[in-house]
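In: structure for this input, please:
(one chain, ligands or ions: 2)
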Amino acid sequence: MKEGKLIIFAAPSGSGKSTIINYIMDVFNGEDSEDESLNEEEGSSKLCFSISATSRAPRGTEKNGVEYFFLTPEEFRQRIANNEFLEYEEVYTDKFYGTLKSQVDKQLSEGDNVVFDVDVHGAMNIKQAYGKRALSIFIQPPSIEELRRRLEGRGTDAPEVIEQRIARAEYELSFADKFDEVVVNDNLEVAQVEVESIIEDFLDE
Ligand code: ADP
Ligand code: 5GP
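Out: Ligands and ions are numbered 1, 2, ... in the order given. Here you go, the predicted structure:
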């Protein structure tokens with residue numbers, strides 16, 4: 001069976017990356033998806049979300065094994081010691097995030113295309129490991145002020161967490177030109193359609 005491809009998303013927190021990923025998963029995997037025919041003719045074109053592990057606490061309605069595998073910092077360190085991660089980062093102080101090799105290998109070997117939501121370093125590392133088999137997409141907010149408005153509007157993070165995320169955003173923005181594609185998420189619908197078309201082209205290659 002043909003092995004799957006990798007689609008990597010990164011963006012400063014609050015840029016709209018999860019919103020865009022959810023849209024993409026619906027479009028490519030939804031019931032009326034045109035890609036159903038592809039599944040039969042050319043092997044799977046299904047998109048699977050790579051579930052990362054993290055040592056941060058669940059947010060809002062998040063559930064273990066759905067958005068993330070939630071681990072204690074000790075469990076996370078143990079898995080680092082066991083060499084279980086394809087890549088991992090301490091994105092915020094004491095908040096580890098990482099991609100488990102076992103997860104990704106299983107999904108790719110089943111022919112699924114795997115979608116990653118990772119920080120900028122994770123994106124660079126996965127791209128380097130998989131080269132042309134991977135597509136890296138940076139979702140850029142229109143401005144830092146708008147990023148703050150979105151994080152406040154989302155209403156899921158305490159004020160000090162929002163400050164942490166804003167403080168990191170400038171740094172993350174400096175990575176944009178290292179990505180295969182940069183999409184500015186100003187008007188959500190425009191950004192979603194742009195990302196959809198980029199992914200269609202990549203999967204057709
Ligand atoms: P991220 O995954 O990058 O942290 P989210 O997808 O959670 O970001 O989006 C952050 C907030 O901004 C959410 O409340 C979302 O509904 C909102 N949002 C996303 N895209 C836009 C947009 N283009 N314009 C206005 N609000 C947006
Ligand atoms: P959040 O706490 O908002 O879910 O995620 C914070 C940041 O960690 C985001 O930039 C997200 O993309 C990143 N992240 C999530 N999972 C991983 C991962 O497995 N590896 C890396 N390097 N970053 C991740």
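In: how about whichever residue of the chain sits closest to ligand 2: what's its closest non-neighbour residue?
Out: When C-beta to the nearest ligand atom is the measure, the chain has its nearest residue to ligand 2 at Gly122, with 2.4 Å between them. All C-beta atoms are positioned from the backbone trio N, CA, C, and that covers glycine. Computed as C-beta to C-beta, 6 or more residues apart in numbering, the closest residue to Gly122 that is not its neighbour in sequence is Glu87, at 5.1 Å.
In: for Asp157, same thing?
Out: The spatial neighbour of Asp157 that comes closest, neighbours along the chain excluded (C-beta to C-beta, 6+ apart), is Leu151 at 6.1 Å.
In: residue numbers of the protein in contact with ligand 2?
Out: In this structure, the chain approaches ligand 2 at residues 13, 52, 56, 87, 89, 91, 97-99, 117-119, 121-122, judged by C-beta under 6 Å from any ligand atom.
In: test my guess that Arg59 contacts Gly155.
Out: No - proximity of Arg59 to Gly155 does not meet the contact threshold set by C-beta atoms under 8 Å, at 10.6 Å.
In: looking at the two now, which is surrounded by more residues?
Out: Between Arg59 and Gly155, counting by other C-beta atoms under 10 Å, Arg59 is the more crowded of the two (12 against 7).
In: and the closest residue in space to the more buried one that isn't next to it in sequence, helix, strand or coil?
Out: Closest residue in space to Arg59, ignoring its immediate chain neighbours: Thr156 at 5.1 Å, by C-beta to C-beta, 6+ apart. Secondary structure, DSSP: H, G, I helix; E, B strand; the rest coil: Thr156 is coil.
In: what's the local residue count around Thr156?
Out: 12.
In: contact partners of the helix or strand harbouring Arg168?
Out: If you go by DSSP states H and E, Arg168 is part of helix 159-173. Under the contact criterion C-beta atoms under 8 Å, 6 or more residues apart in numbering, helix 159-173 has outside partners 10-14, 91-92, 119-120, 140-141, 144, 147-148, 151-152, 157.
In: that helix: which residues count as buried?
Out: For helix 159-173, a neighbour-count test (16 or more other C-beta atoms under 10 Å) marks Val161, Ile162, Gln164, Arg165, Ile166, Arg168, Ala169, Glu172, Leu173 as buried.
In: distance of the spatially most central residue of the chain relative to Glu160?
Out: Most central residue of the chain, judged by C-alpha distance to the mean C-alpha position with C-alpha atoms, centre = their mean, is Asp117 at 1.1 Å. Using C-beta to C-beta, to the nearest Å, one obtains 23 Å as the distance from Asp117 to Glu160.
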